[in-house]
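Participant: here is a sequence with its predicted model. Questions after.
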Number of protein chains: 2
Amino acid sequence: MSSSGTAPAYRRLTVDQRRSQLISTALRLFAHNPPEDVSLDDVAAEAGVSRPLVYRYFPGGKQQLYEAALRSAADELEQCFAEEQTGPLTSRLTRALDRYLAFVDEHDAGFMALLQGGSVVQTSRTHAIVDEVRRAAADQILVHLGFRTEDSRSEPGGADDLPADPPPPGRQAGPRLRMTVSTWITVVEAASLIWLDEDKQPPVDELRDWLLDHFVALLMASATRDAETAGIVRHALDLEERDGPVGELARRMLPVVTDKAHLL
Amino acid sequence: MSSSGTAPAYRRLTVDQRRSQLISTALRLFAHNPPEDVSLDDVAAEAGVSRPLVYRYFPGGKQQLYEAALRSAADELEQCFAEEQTGPLTSRLTRALDRYLAFVDEHDAGFMALLQGGSVVQTSRTHAIVDEVRRAAADQILVHLGFRTEDSRSEPGGADDLPADPPPPGRQAGPRLRMTVSTWITVVEAASLIWLDEDKQPPVDELRDWLLDHFVALLMASATRDAETAGIVRHALDLEERDGPVGELARRMLPVVTDKAHLL
């Protein structure tokens, strides 16, 4: 991030530096303001450069700058779910969710404007970028569940990162499991939007724990109808610890179902 | 629906009949084609009337007609979750989901175009209509959980429909429970989109059962962290039957968690 405002105009930057300065300035403005309230003049002023200079880098104007800023935010978001493939699954997801929710917190207004739609700068291209982030997040989670994604399939040596059992190395996830994971990605997005709308209540740690519970719950429910998911879940549960999120969830569940033996 | 195509032009209809004929014709076209592929000429031809006649009813042209068609679809969707407040909650939700998924099946292309965004006819007004449907669906579910919504609050006598216990009549749902219900609405939407994208696989009954399982799972998980939700869940479980969806889910869960006593 540049120390904008106080920076002298036309600091000597390389083309790449200038370009990324303009993108990060735009991203900061788009993060905290609805797109219709951000003008090219605002970006120029904030970056300490002239409007024609901005146009030289982004001849497509505000739309092109918005898309470049979105692209840069998308790259950052896609990194949220990149995580060492060791330890209990819920520990990995906890760290990933912490990064994701920090991003949401940091880019609140832009995140809402983007996902709630109806904004002037949204096109099929911006929607494609958002969809790509969703797909990348789902792929990362499937990798943590021990699957290869279509992308990782073509990378030689990628199989080294995969646990030995189950699923067998190189197998791709079936439709039910993919649907469960994609659904949870949507849950995370929807809950993030509601959280922003409710002035960031409850505290972010509670939101993260709640999302983690929902991941476990969705996966467990899907496991009851899908043999593949059941195998994955049983394997993942072996790695969980008694004091981890799954153990705590299971123990907190007991009083809720006490006296409900008529259902068994 | 008019018997369009074979109908003679300018059948004698009242103003209201003509208006609703044009809306239902537009809805049918928008349901099965991306909005950019539907022209006012298509609607006129399909309805067996002239283009100027369509403009007389919808001076705002295609955008106005799209919004009227969407409004009409939204009214239909909002009715999906209206259901007698008797019997197990999952039986009521099963019927509501069957109606909702039949709607999705019937309006496939339009449903996708609307919710995937990026279409030329989408504005803050069309987004507001979609949000209203989501809110109405969430409110209906909260009513089935025994709560009053802000709308029903002002209706005298509305309390007669509510179960005697818990929650106490007239209470509104707290933020956690509202977030859980809104989240599930998003799950239903997202799963419907994935289902359409996967050429309507799995069969719709399986999708409905899976969504129902997820409703139970999300509610159970939230119950472990929220006393209000726990009370609601315990009450709802009392009304569930052994051979109903919750009983079946519980019994199918047992083999998944066998040998996982290290977590308790």
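Facilitator: Yep, it's here.
Participant: in chain A, which spans are strands?
Facilitator: Read by DSSP state E, chain A holds no strands at all.
Participant: domains in it, by residue range?
Facilitator: For chain A, the structural domains run A:15-67, A:81-255, going by automatic domain parsing.
Participant: now the ones you listed in TSV, please, with extra columns for mean neighbour count, distance to B:A74 and mean pLDDT.
Facilitator: C-beta coordinates here come from the backbone N, C-alpha and C atoms, glycine included. Shown next, in TSV, are the domains of chain A (neighbours: other Cβ atoms under 10 Å in any protein chain shown; distance: least, Cβ to Cβ, whole Å; pLDDT from 0 to 100):
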stretch	mean neighbour count	distance to B:A74	mean pLDDT
domain A:15-67	18	24	94
domain A:81-255	18	15	85
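Participant: which one of those domains lies nearest to chain B?
Facilitator: Closest to chain B of the domains of chain A, according to Cβ to the nearest Cβ: domain A:81-255, at 3.6 Å.
Participant: quick one: end-to-end distance for the closest one.
Facilitator: 33 Å (Cα to Cα, to the nearest Å).
Participant: show me the contact partners of stretch A:68-84.
Facilitator: The contact list for stretch A:68-84 (Cβ atoms under 8 Å, 6 or more residues apart in numbering or on different chains) reads A:23-24, A:26-27, A:30-31, A:58, A:92, A:95-96, A:99-100, A:103, A:107, A:110, A:114, A:126, A:129-130, A:132-133, A:136-137, A:140-141, A:144.
Participant: tell me where the stretch 101-250 of chain A has helices.
Facilitator: Per DSSP state H, counting those that start in this stretch, the stretch 101-250 of chain A carries helices over the ranges A:108-116, A:124-144, A:150-153, A:175-197, A:204-223, A:227-239, A:245-257.
Participant: give me the nearest residue to A:R18, chain neighbours excluded.
Facilitator: Ranked by Cβ to Cβ, 6 or more residues apart in numbering or on different chains and with sequence neighbours excluded, the top spatial neighbour of A:R18 is A:Y57, at 6.6 Å.
Participant: and A:L89, by the same measure?
Facilitator: For A:L89, the spatially nearest residue (Cβ to Cβ, 6+ apart) is A:A236, at 4.8 Å.
Participant: so the one you found touches A:L145, yeah?
Facilitator: Yes - shown here, A:A236 and A:L145 form a contact pair, counting by Cβ atoms under 8 Å, at 7.0 Å.
Participant: overlap in contacts of those two?
Facilitator: With Cβ under 8 Å, 6+ apart, A:A236 and A:L145 have common neighbours A:L89.
Participant: that older thread, now render the helices of the stretch 101-250 of chain A as JSON lines, adding distance to B:E78.
Facilitator: What follows is those, written out as JSON lines (distance: least, Cβ to Cβ, whole Å):
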{"stretch": "helix A:108-116", "distance to B:E78": "20"}
{"stretch": "helix A:124-144", "distance to B:E78": "26"}
{"stretch": "helix A:150-153", "distance to B:E78": "39"}
{"stretch": "helix A:175-197", "distance to B:E78": "19"}
{"stretch": "helix A:204-223", "distance to B:E78": "26"}
{"stretch": "helix A:227-239", "distance to B:E78": "33"}
{"stretch": "helix A:245-257", "distance to B:E78": "31"}
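Participant: B:L212 is nearest to which of those?
Facilitator: Within the helices of the stretch 101-250 of chain A, the stretch nearest B:L212 is helix A:204-223; the backing value is 9.4 Å (Cβ to Cβ).
Participant: helices and strands around the closest one, which ones?
Facilitator: For helix A:204-223, the packing partners by 3 or more Cβ pairs under 8 Å, 6 or more residues apart in numbering or on different chains; DSSP states H and E come out as helix A:89-106, helix A:175-197, helix A:227-239, helix A:245-257, helix B:175-197, helix B:204-223, helix B:245-257.
Participant: format the ones you listed as TSV; extra columns: distance to A:D16.
Facilitator: Below are those laid out as TSV (distance: least, Cβ to Cβ, whole Å):
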stretch	distance to A:D16
helix A:89-106	24
helix A:175-197	32
helix A:227-239	43
helix A:245-257	42
helix B:175-197	38
helix B:204-223	46
helix B:245-257	52
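Participant: out of those helices, which is closest to A:D42?
Facilitator: helix A:89-106 (18.9 Å).
Participant: pull the distance from the closest one to the chain's centre.
Facilitator: Centroid separation for helix A:89-106 versus its chain: 8 Å, with Cα atoms, centre = their mean, to the nearest Å.
Participant: list of residues touching that helix?
Facilitator: With Cβ under 8 Å, 6+ apart, helix A:89-106 has contacts from A:31, A:73, A:76-77, A:79-81, A:83-85, A:111, A:140-141, A:144-145, A:188, A:192, A:195-196, A:200, A:204, A:207-208, A:211-212, A:215-216, A:236, A:239-240, A:244-246.
Participant: and stretch A:257-264, by the same measure?
Facilitator: Stretch A:257-264 is touched from outside by B:220, B:234, B:237-238, B:240, B:242, B:246-247, B:250-251, with contacts defined as Cβ under 8 Å, 6+ apart.
Participant: one more time with 10 Å, if that's ok
Facilitator: The contact list for stretch A:257-264 (Cβ atoms under 10 Å, 6 or more residues apart in numbering or on different chains) reads B:220, B:223, B:233-234, B:237-238, B:240-244, B:246-251, B:254.
Participant: up against chain B, what does the stretch 1-150 of chain A have?
Facilitator: Residues of the stretch 1-150 of chain A lying near chain B by Cβ under 10 Å from any Cβ of the partner chain: A:115-120, A:122-128, A:130-131, A:134.
Participant: which residues touch A:A236?
Facilitator: Per Cβ under 10 Å, 6+ apart, neighbours of A:A236: A:88-90, A:144-146, A:163, A:166, A:216, A:219, A:223, A:246.
Participant: no wait, A:E241
Facilitator: A:E241 neighbours (Cβ under 10 Å, 6+ apart): A:87-88, A:90-91, A:247, B:262-263.
Participant: any chance of JSON lines for those, columns distance to B:S39?
Facilitator: Rendered in JSON lines, the data for those read as follows (distance: Cβ to Cβ, whole Å):
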{"residue": "A:G87", "distance to B:S39": "57"}
{"residue": "A:P88", "distance to B:S39": "56"}
{"residue": "A:T90", "distance to B:S39": "52"}
{"residue": "A:S91", "distance to B:S39": "55"}
{"residue": "A:G247", "distance to B:S39": "60"}
{"residue": "B:H262", "distance to B:S39": "64"}
{"residue": "B:L263", "distance to B:S39": "60"}
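Participant: and of those, the nearest to B:Q64?
Facilitator: A:T90 (50.4 Å).
Participant: quick check: nearest residue in space to that closest one, chain neighbours excluded?
Facilitator: Using Cβ to Cβ, 6+ apart and skipping the chain neighbours, the partner closest in space to A:T90 is A:P245 (4.4 Å).
Participant: I figured that neighbour hits A:F215, correct?
Facilitator: Yes - with contact defined as Cβ atoms under 10 Å, A:P245 counts as touching A:F215 (9.1 Å).
Participant: can you report phi and psi for A:P203?
Facilitator: Torsion angles at A:P203 (phi, psi; degrees, to the nearest 10) stand at phi -50, psi 150.
Participant: straight-line length of stretch A:29-45, end to end?
Facilitator: End-to-end for stretch A:29-45, by Cα to Cα: 11 Å.
Participant: I meant stretch A:248-264, not that one.
Facilitator: 23 Å.
Participant: return the residues in contact with A:R176.
Facilitator: Contact analysis of A:R176 by Cβ under 10 Å, 6+ apart lists A:222-223, A:225-229, B:202, B:206, B:210.
Participant: ditto for A:S222
Facilitator: Contacts of A:S222 (Cβ under 10 Å, 6+ apart): A:176-177, A:179-181, A:183-184, A:228-230, A:232-233, B:210, B:213-214, B:217.
Participant: how much space separates it from A:E228?
Facilitator: Distance, A:S222 to A:E228, using Cβ to Cβ, to the nearest Å: 9 Å.
Participant: what's the overlap in contacts for those two?
Facilitator: A:176-177.
Participant: no further queries at this time; thank you.
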